[in-house]
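> Compute the structure for the input listed below.
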Amino acid sequence: MTDKLIADAEDFRTKSYATIIAWGASKEAYENFINNEVPLHFGNFERQLKENGGEYFVVKDRLTIADVAVYDAVVSFGANRAPDDCLDKFPSLAQWIKRVESDPGIVSYHASDKYANLMKFGKE
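Below you'll find the predicted structure:
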């Protein structure tokens, strides 16, 4: 399951890279990504999360590398680039994001200079 989730996250990232307007993608490619790829992949992650009980992806009661990989893909390459309501149809995924972001290790990382200095993607 871990390998599949990491591969799914990488697939989503790869689709996203080709739609970044600042890197030469067309507005049409970006809009197709937002309107088609984001809901498709978010739906896939939502389904897999529910199949595992809805708390975390692999181990029901704690964060794993699969959760971190999916979180990065969903938030950095999806939710941060899409309209604010992009998670409305995926409530389990939205709750999972909040759970990941409340993990003490993630909280500490998000407060670090290392995180602050990363390039971040936003809405095009």
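> contacts for stretch 23-32?
Identification of contacts with stretch 23-32 by CB atoms under 8 Å, 6 or more residues apart in numbering yields 17, 18, 19, 20, 21, 124. Every residue, glycine included, has its C-beta placed from N, CA and C.
> Look up how far residue 40 lies from the second one.
To residue 40, residue 18 is 15 Å away according to CB to CB, to the nearest Å.
> Looking at the two, which one has more neighbours?
Using other CB atoms under 10 Å, the more surrounded residue of residue 18 and residue 40 is residue 18, with 15 against 12.
> Now do that one, the pLDDT please.
Predicted confidence (pLDDT) for residue 18: 95.
> go on, residue 92?
Reading off the model, residue 92 has pLDDT 95.
> Test my guess that it contacts residue 49.
Yes: Residue 92 lies in contact with residue 49 (CB atoms under 8 Å); the separation is 5.2 Å.
> Between the two, which is the more surrounded one?
Between residue 92 and residue 49, counted using other CB under 10 Å, the more crowded position is residue 49 (21 against 17).
> Contacts only, for that one.
With contact set as CB under 8 Å, 6+ apart, residue 49 has these partners: 57, 92, 93, 96.
> Do me a favour and average the pLDDT over the host helix or strand of it.
Secondary structure from DSSP states H and E places residue 49 in helix 38-51. Mean pLDDT, computed over helix 38-51, is 96.
> following that helix, which helix or strand comes up?
For helix 38-51, the following helix or strand on the C-terminal side (DSSP H and E) is helix 65-71.
> What are the boundaries of the helices in the protein?
Ranges of helices within the chain are 2-17, 27-32, 38-51, 65-71, 91-101, 104-110, 113-116, based on DSSP state H.
> So what's the residue count around residue 87?
So residue 87, with other CB under 10 Å, has 22 neighbours.
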